[in-house]
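Chemist: With the sequence up front, the predicted model follows.
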Amino acid sequence: MQQLVLELAPPPDPTLDNFIAGSNAGVLAALGAALAGQEPVVFLWGETGSGKSHLTHAFVHAAVKAGLEARYLHASRIHAFDTSMLQVLALDEVDVLDPDGQLLAFDAVNRLRLAGGVLLATGRLAPADLALREDLRTRLGAGIVRQLIPLNDAQKRAALEVHAASRALPVSQEILDYVLSRWARDMRTQIAILDALDRASLALKRPLTLPLVREALKSLK
């Protein structure tokens, strides 16, 4: 098994188009409304792996593409950047904000609202349940609040089938069972695995069978 074949390619940059929505169509609609200037604050909450970081990066990508001054910030880094000139701020994982960071976030929300900008923020819990100062929780909860629902197994399988079809890669249910049960369940990893298996099949001139998948993934680990 060739090492070059087995390496996972870097996943594509997160965009709103390559986010697999599943039960989250309303989330994409909310982000579209914010980009259109119809909503100054959007808050997304959900468990790890539900897509929060993908969407914050994707939102900034879309805003920059639209000609806006935008930045992604993990909330732990808010002390390190001047947000005063931004039109769009995506603030990821506000749960980790310390007292000084909470004050900076509160000031950023107010500046953006006065300037007609947009804040996208995320957390593990809804704003009302976060251990943050009251005025910040109120600001974060004043706009659109949406819970991100992780893909269920059927939705993950369907997404992998669509991706495989886009590469003209025949994948059996047996192979999907094997990949889904033995690797990280986030979709970026799952899709990267399928892409690596496709390259392995082409390079070795062997059909994608379960024995080949086992051999390839064992070498990849």
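Modeler: Great, that's in hand.

Chemist: quick one: contacts for Leu91?
Modeler: By CB atoms under 8 Å, 6 or more residues apart in numbering, the residues touching Leu91 are 56, 73, 75, 78, 105, 108, 119-122. For the C-beta atoms, the positions are set from N, CA and C on the backbone; glycine is no exception.

Chemist: The residue positioned nearest the centre of the chain: what's its closest spatial neighbour, skipping adjacent residues?
Modeler: Centroid-nearest residue in the chain, with CA atoms, centre = their mean: His54, separated by 1.6 Å. Nearest residue to His54, sequence neighbours excluded (CB to CB, 6 or more residues apart in numbering): Pro14, at 4.4 Å.

Chemist: can you count the residues close to that neighbour?
Modeler: 20 (other CB atoms under 10 Å).

Chemist: coming back round to it: among the contacts of Leu91, which lie within helices?
Modeler: Among the contacts of Leu91, the residues falling in helices (DSSP state H) are 56, 105, 108.

Chemist: rewinding a little: can you tell me which of the contacts of Leu91 lies nearest to Ala36?
Modeler: Leu120 (13.5 Å; CB to CB).

Chemist: so the closest one bridges to which residues?
Modeler: Val42, Ala90 (DSSP bridges).

Chemist: hang on, it packs against Leu89?
Modeler: Yes. At 7.3 Å, Leu120 counts as touching Leu89 under the criterion of CB atoms under 8 Å.

Chemist: Run through the protein and note the low-pLDDT ranges.
Modeler: Applying pLDDT under 70 to the chain flags residues 1-11, 184-185, 220-221.

Chemist: got the residue ranges for the helices in it?
Modeler: 3-6, 25-35, 52-65, 99-115, 134-140, 153-166, 173-182, 187-204, 210-220.

Chemist: In JSON lines, list the ones you listed along with distance to Trp45.
Modeler: Below are these laid out as JSON lines (distance: least, CB to CB, whole Å):
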{"stretch": "helix 3-6", "distance to Trp45": "37"}
{"stretch": "helix 25-35", "distance to Trp45": "11"}
{"stretch": "helix 52-65", "distance to Trp45": "8"}
{"stretch": "helix 99-115", "distance to Trp45": "15"}
{"stretch": "helix 134-140", "distance to Trp45": "10"}
{"stretch": "helix 153-166", "distance to Trp45": "20"}
{"stretch": "helix 173-182", "distance to Trp45": "26"}
{"stretch": "helix 187-204", "distance to Trp45": "19"}
{"stretch": "helix 210-220", "distance to Trp45": "34"}
